[in-house]
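1. pasting the sequence and the predicted model now:
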Amino acid sequence: MAARTVIGACIHRAATCRSWPDGLDWTTWAAETTELALAYLSAAK
């Protein structure tokens, strides 16, 4: 689930970043995506 979310987010951002910029550089975006994945993987289930 985490891998699909990250891959989908990468594709979505690459395809739409020119039309709808979010103000983040790729390094910042990658750090935030990493935090998202780690939060998901470390959450108590």
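-> Cool, got the structure. All values derive from a computational prediction rather than experimental measurement.
2. run a quick neighbour tally on residue 33.
-> Residue 33 is flanked by 15 other residues according to other Cβ atoms under 10 Å. Placement of C-beta: from N, CA and C, glycine included.
3. could you look up the SS state of residue 39?
-> helix (DSSP: H, G, I helix; E, B strand; the rest coil).
4. so the residue nearest the centre of the chain is in which element?
-> What sits nearest the mean C-alpha location of the chain, by Cα atoms, centre = their mean, is residue 33, with 3.6 Å. Here residue 33, judged by DSSP states H and E, is contained in helix 26-42.
5. using CSV, list the CA coordinates for that helix.
-> Provided in CSV are the C-alpha atoms of helix 26-42 (Å, rounded to 0.1, in the frame of the first residue of the first chain):
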residue,chain,number,x,y,z
TRP,A,26,11.6,18.0,-5.4
THR,A,27,13.9,17.5,-2.3
THR,A,28,11.3,19.0,0.1
TRP,A,29,8.5,17.0,-1.6
ALA,A,30,10.6,13.8,-1.3
ALA,A,31,11.2,14.4,2.4
GLU,A,32,7.4,15.0,3.0
THR,A,33,6.6,11.9,1.1
THR,A,34,9.1,9.9,3.1
GLU,A,35,7.5,11.1,6.3
LEU,A,36,4.1,10.1,5.0
ALA,A,37,5.3,6.5,4.2
LEU,A,38,7.1,6.1,7.5
ALA,A,39,4.0,7.3,9.5
TYR,A,40,1.9,4.8,7.6
LEU,A,41,4.3,1.9,8.1
SER,A,42,4.9,2.7,11.8
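6. for it, name the packing helices and strands.
-> If you count contacts as 3 or more Cβ pairs under 8 Å, 6 or more residues apart in numbering; DSSP states H and E, helix 26-42 packs onto helix 2-16.
7. how far off helix 2-16 does the helix holding residue 33 point, in degrees?
-> Helix 26-42 and helix 2-16 are oriented at 160 degrees to each other (axes from the mean of the first three to the mean of the last three Cα atoms, to 10 degrees).
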